[in-house]
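# Only the shape, not the letters, is given here:
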């Protein structure tokens with residue numbers, strides 16, 4: 001291989017003309033290294049209680065909160081476009097929120113009931129269910145807090161395990177702990193195995209950074225106001241760190257994760273690439289709400305094509321090594337790709 005590379009490197013213009021392989025659409029398609037299809041795209045779905053609801057999310061243009069009956073109609077349209085997976089997130093009423101987040105594992109809760117209804121109507125759609133406590137806590141943090149406001153790791157894990165099991169019992173295909181508590185993957189996997197959910201997958205948010213891009217999402221699930229000026233830096237990763245992401249992924253894989261997540265996507269293309277190169281595993285990336293909103297905001301200046309900029313963005317995430325992408329543009333991108 002080295003001798004071949006040396007030989008190739010000796011070639012030069014005019015015997016070597018790189019533009020020969022760019023001179024038509026057909027040749028460019030023939031040798032394209034990275035593909036993007038609807039199968040690579042995962043649409044987030046925000047769920048809320050009620051009937052016949054489709055609520056606008058003011059911080060996220062063209063994204064809505066759905067009651068489950070309305071969500072089923074939306075999911076039907078996603079399936080028709082070739083999308084094979086959805087990621088579901090709840091917005092529950094403030095009356096159901098508490099310090100101990102016990103609504104998170106209510107077997108008749110919003111998410112649990114929604115999973116059952118979705119699987120009954122669309123048995124082949126893959127449901128990725130978020131395991132985290134921030135939609136359920138009265139303070140907006142992802143865990144149980146002590147009197148000083150510090151997140152208690154092990155006490156939080158106890159709740160996360162119960163939440164994960166309730167999702168599996170309802171029919172979730174992929175359990176996705178996004179909380180960043182130490183050891184939660186091991187405990188969730190142990191409980192799934194104990195209850196014979198051998199084929200339930202775990203998608204661990206292994207490299208989830210304490211990012212400034214999450215604001216619109218927190219608004220969508222109703223945790224933004226409760227969180228206030230607090231942050232999540234004691235459990236989410238410092239965005240300046242790279243080696244730490246590799247350690248987190250390694251630990252989660254040892255504990256039983258099947259897939260891992262990098263979040264956000266575009267600021268962390270190097271992390272996606274490093275994880276893929278080091279572990280040769282399925283890596284998912286979350287093109288988050290702030291990334292989505294930046295494109296929407298820029299479009300108001302009429303300086304580029306939405307279709308072109310979105311497909312370039314998603315392709316770059318795939319090129320970095322992502323197997324699939326959770327993105328609020330999944331539905332629109334699938335239409336463009338079809």
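That came through fine. Here the structure is a predicted model, which is why all the values come from computation and not from measurement.
# Contacts only, for the closest residue to residue 323 other than its chain neighbours.
Distances taken as CB to CB, 6 or more residues apart in numbering put residue 282 closest to residue 323, at 4.4 Å, once the chain neighbours are dropped. Where C-beta positions appear, they are placed from N, C-alpha and C, glycine not excepted. Taking CB atoms under 8 Å, 6 or more residues apart in numbering, we find residue 282 in contact with 258, 259, 260, 323, 324.
# Make JSON lines from these and add neighbour count and secondary structure to it.
Output for those, formatted as JSON lines (neighbours: other CB atoms under 10 Å; DSSP: H, G, I helix; E, B strand; the rest coil):
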{"residue": "258", "neighbour count": "18", "secondary structure": "coil"}
{"residue": "259", "neighbour count": "20", "secondary structure": "strand"}
{"residue": "260", "neighbour count": "27", "secondary structure": "strand"}
{"residue": "323", "neighbour count": "15", "secondary structure": "coil"}
{"residue": "324", "neighbour count": "23", "secondary structure": "strand"}
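# Return the member of the residues you listed nearest to residue 36.
Minimum distance to residue 36 across the contacts of residue 282 is 10.5 Å, recorded for residue 324 (CB to CB).
# That closest one and residue 330: what is the separation?
Separation of residue 324 from residue 330 (CB to CB, to the nearest Å) stands at 10 Å.
# same check, this time on residue 257
23 Å.
# Going along the chain, name the helices of the stretch 101-250 of the chain.
110-121, 153-170, 184-194, 215-221, 224-227, 243-255 (DSSP state H, counting those that start in this stretch).
# mean pLDDT lowest for which of these?
Sorting these by mean pLDDT places helix 224-227 lowest, at a mean of 73.
# How about it, which residues are buried there?
Buried residues in helix 224-227, counting neighbours by 16 or more other CB atoms under 10 Å, are found at 224, 226, 227.
# Determine how far it lies from the middle of the whole chain.
Distance of helix 224-227 from the chain centroid (CA atoms, centre = their mean, to the nearest Å) equals 21 Å.
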